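# sharing a model prediction with you, sequence too.
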Amino acid sequence: MSRPQAPEPALDVQGDPPAGEGDEDTADGTQHSHRMLNFSDALLSIIATVMILPVTHTELSPQQFDKSVQKLLATRIAVYLMTFLIVTVAWAAHTRLFQVVGKIDDTLALLNLACMMTITFLPFTFSLMVAFPAAPLGIFLFCTCVIAIGAVQALIVVYAFRFPHLLNPQIGRSAHRRLHRQHILHIVLRGPALCFLAAVFSLFFYPVSYLLLATVIVLPYVSKAASWCRDRLRGPPEPPAHSVEFFTFDLQEPLSKERVEAFSDGVYAIVATLLILDICSDNVPDAKDVAERFRGSLVAALSEFGPQFLAYFGSFATVGLLWFAHHSLFLHVRKATQCMGLLNTLSLAFVGGLPLAYQQTSAFARRPHDELERVRVSCAIVFFASVFQFAMWTAALLREAETLRPSARFGGREHAFMFAKLALYPCASLLAFAATCLLSRFSTAIFHLMQIAVPFAFLLLRLLVRLGLALLRALRGLAPPARPTEGDPQAPLLPAPC
């Protein structure tokens, strides 16, 4: 008789192995993929965020600032947003992949490192695209990197399915692993396939390449919309004989709330770090200059950088408070939908642009004649970074029974507080932008006033919301009661006339 095999231990809710299983995995040369996935998440969030560096270090012409800003917004920021979103698509695919691969061995760890090495080359290719948007080499190298990432991910899939003990137990025990493998390879390789076409078109007509790269971003949503339309026209399809519906490796499905939070926290932390890197590189006086111009007084030399330090503290406060609003939002969220995930990605893309806003505000003292346009660029970045957070909260309210905890649903005190907290930065940045149109002479003072006032408003926000709700209740109590209509079963009985 053959010995009965012990059942494979199940994973907990977060995907971690039960206590004591790690020692058994180490004994047979495998380990759980959780730590490697955390490492990959951190690296991908760094790569996505440092894409803004070539844009922040753009030298703008003081004589033709309007034209320079138009070119910046039309090309460099657009290319940055596109590449940031493509990196987030790669992050989502990588996360899905390691929902399938539950354990790793040395070979899989090395393959993942090869994938990460290719991803770290993306900022260089993006720098070429920013510096030479019409040259084919930058686009070609970027597409080649994405193709290489997809090829390594496909190798990970093939290797893991060859050794089923590395797979998620639900997949490893399935009798239809071949169908699962085909399904996963289709998801992993469809983005690189579009990038292959983009690389080909970059050699003779580069605008089509940018269009195909943008298609990589919207492909999951186009696919879902096409499936919805097909189901409406033809009716729901019949399940296949060997169904793989229980497995949700699909970019159309929302990622877990925990993974979205971890990736978002990484982006916010790296943006805050990039701000101080600029201070360290640009605001440390030269020793020779201190000795000659300031007679050896380091305090006098540092006083010249006062506006830059003010811009740094204001920018850091903006990043920190936007993270605080994001953190507060996800405290009330039970499940992130696909729409919320897209809005969060768009918000993070503009959060990644906050170092550009810092560069614009720190240049007020150096180039005061073009400060108006710099203020408007900064206000626009802050507005879009915050308004997508507000849109994410609105999307959660539309499906509140599924997405929100009961305490934050529509009509409650926490709902009013979150509404005010998430509306604060969009309203403040929009008001500052409008004020600069009317009072252009005071644009710098208006922007710095916004940076100072908003943190104090956050401190007083809960008190102000409670006072506002109390005032509304008081006004409602002073309002005359509605006159009952005849035939209303809830109306009080009136005495009959004499």
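Arrived safely. Numbers count the residues shown, from 1 in each chain.

# contacts for stretch 128-139, please.
54-55, 58, 75-76, 79-80, 83, 125-127, 141-142, 198-199, 202-203, 206, 209-210, 213 (CB atoms under 8 Å, 6 or more residues apart in numbering). In this view, the C-beta of every residue, glycine as well, is placed from N, C-alpha and C.

# narrow those residues to those in helices?
Counting by DSSP state H, the members of the contacts of stretch 128-139 that fall within helices are 54-55, 79-80, 83, 125-127, 141-142, 198-199, 202, 206, 209-210, 213.

# how far does stretch 289-300 stretch from one end to the other?
One end of stretch 289-300 to the other measures 11 Å (CA to CA, to the nearest Å).

# pLDDT of it, averaged?
Average pLDDT, stretch 289-300: 72.

# domains of this protein?
Domains of the chain are assigned by automatic domain parsing as 29-59+70-226, 257-286+294-474.

# for those domains, give me CSV that also has mean neighbour count and distance to residue 234.
Shown next, in CSV, are the domains of the chain (neighbours: other CB atoms under 10 Å; distance: least, CB to CB, whole Å):
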stretch, mean neighbour count, distance to residue 234
domain 29-59+70-226, 18, 12
domain 257-286+294-474, 18, 23
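
# separation between residue 232 and residue 225?
11 Å (CB to CB, to the nearest Å).

# likewise for residue 387?
From residue 387 to residue 225 the distance is 24 Å (CB to CB).

# tell me the helix or strand right after the host helix or strand of residue 94.
Per DSSP states H and E, residue 94 falls inside helix 77-100. Per DSSP H and E, the first helix or strand lying C-terminal to helix 77-100 is strand 103-104.

# and that following strand, which strands flank it?
strand 31-32 (antiparallel) (DSSP bridges).

# and the strand or helix carrying residue 178, what does it pack onto?
For residue 178, the element it lies in under DSSP H and E is helix 177-202. Contact here means 3 or more CB pairs under 8 Å, 6 or more residues apart in numbering; DSSP states H and E; on that basis helix 177-202 packs against helix 77-100, helix 136-162, helix 206-234.

# can I get the ones you listed in TSV including distance to residue 395?
Output for the helices and strands packed on helix 177-202, formatted as TSV (distance: least, CB to CB, whole Å):
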stretch	distance to residue 395
helix 77-100	17
helix 136-162	29
helix 206-234	14
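
# top helix in this protein by residue count?
The chain, longest helix under DSSP H: helix 443-478.

# please state the offset of stretch 317-332 from the chain centre?
13 Å (CA atoms, centre = their mean, to the nearest Å).

# what lies in contact with that stretch?
Counting by CB under 8 Å, 6+ apart, 257, 260-261, 264-265, 268, 271-272, 275, 336, 347, 351, 354, 357, 382, 385-386, 389, 392-393, 396, 404-405, 407-408, 414, 418, 421-422, 424-425, 451, 454-455, 458 sit against stretch 317-332.

# narrow these to those in helices?
Per DSSP H, the contacts of stretch 317-332 map to helices at 257, 260-261, 264-265, 268, 271-272, 275, 347, 351, 354, 357, 382, 385-386, 389, 392-393, 396, 414, 418, 421-422, 424-425, 451, 454-455, 458.

# just to revisit the earlier point, what's the closest of the helices and strands packed on helix 177-202 to residue 434?
helix 77-100 (21.7 Å; CB to CB).

# the closest one to helix 136-162, inter-axis angle?
10 degrees (axes from the mean of the first three to the mean of the last three CA atoms, to 10 degrees).

# mean confidence for helix 77-100?
On average, helix 77-100 scores 82.

# could you do stretch 346-358 as well?
84.

# tell me the phi and psi of residue 256?
Phi and psi for residue 256, reported as degrees, to the nearest 10, are phi -70, psi 150.

# can you tell me how far the closest residue to it other than its chain neighbours sits from residue 153?
Distance criterion CB to CB, 6 or more residues apart in numbering; nearest residue to residue 256, sequence neighbours excluded, is residue 336 at 7.6 Å. From residue 336 across to residue 153, the span is 23 Å (CB to CB).

# do residue 31 as well
Using CB to CB, residue 31 is found at 20 Å from residue 153.

# can you tell me how far the residue nearest to residue 149 when sequence neighbours are not counted sits from residue 177?
Leaving aside its sequence neighbours, residue 149 sits nearest to residue 118 (CB to CB, 6+ apart; 5.2 Å). Residue 118 is 27 Å from residue 177, where distance means CB to CB.

# how about residue 273?
The gap separating residue 273 from residue 177 is 43 Å, by CB to CB.

# now residue 121
33 Å.

# now for residue 222: which residues touch it?
Contacts of residue 222 (CB under 8 Å, 6+ apart): residue 215.

# nope, residue 178 is what I was after
Contacts of residue 178 (CB under 8 Å, 6+ apart): none.

# report pLDDT for it.
82.

# and stretch 206-217, average pLDDT?
Here the average pLDDT along stretch 206-217 is 84.

# hmm, who's touching it?
Here stretch 206-217 has contacts from 79, 82, 85-86, 89, 134-136, 139, 142-143, 146, 191, 194-195, 197-199, 201-202, 222, using CB under 8 Å, 6+ apart.

# ok, back up a step: next, the angle helix 177-202 makes with the helix holding residue 94.
160 degrees.

# how about the CA coordinates for helix 77-100, as PDB?
C-alpha atoms of helix 77-100 as PDB (Å, rounded to 0.1, in the frame of the first residue of the first chain):
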ATOM      1  CA  ILE A  77       5.100  65.500 -17.900                       C
ATOM      2  CA  ALA A  78       3.000  63.500 -20.300                       C
ATOM      3  CA  VAL A  79       5.800  61.000 -20.900                       C
ATOM      4  CA  TYR A  80       6.400  60.800 -17.200                       C
ATOM      5  CA  LEU A  81       2.700  60.000 -16.400                       C
ATOM      6  CA  MET A  82       2.700  57.400 -19.100                       C
ATOM      7  CA  THR A  83       5.800  55.600 -18.000                       C
ATOM      8  CA  PHE A  84       4.700  55.800 -14.300                       C
ATOM      9  CA  LEU A  85       1.400  54.100 -15.200                       C
ATOM     10  CA  ILE A  86       3.300  51.400 -17.200                       C
ATOM     11  CA  VAL A  87       5.500  50.700 -14.200                       C
ATOM     12  CA  THR A  88       2.400  50.300 -12.000                       C
ATOM     13  CA  VAL A  89       0.900  47.900 -14.600                       C
ATOM     14  CA  ALA A  90       4.200  45.900 -14.300                       C
ATOM     15  CA  TRP A  91       3.900  46.000 -10.500                       C
ATOM     16  CA  ALA A  92       0.300  44.700 -10.600                       C
ATOM     17  CA  ALA A  93       1.300  41.900 -12.900                       C
ATOM     18  CA  HIS A  94       4.200  41.000 -10.700                       C
ATOM     19  CA  THR A  95       2.000  40.900  -7.600                       C
ATOM     20  CA  ARG A  96      -0.500  38.600  -9.500                       C
ATOM     21  CA  LEU A  97       2.300  36.400 -10.500                       C
ATOM     22  CA  PHE A  98       3.400  35.700  -7.000                       C
ATOM     23  CA  GLN A  99      -0.100  35.000  -5.900                       C
ATOM     24  CA  VAL A 100       0.300  31.900  -8.200                       C
END
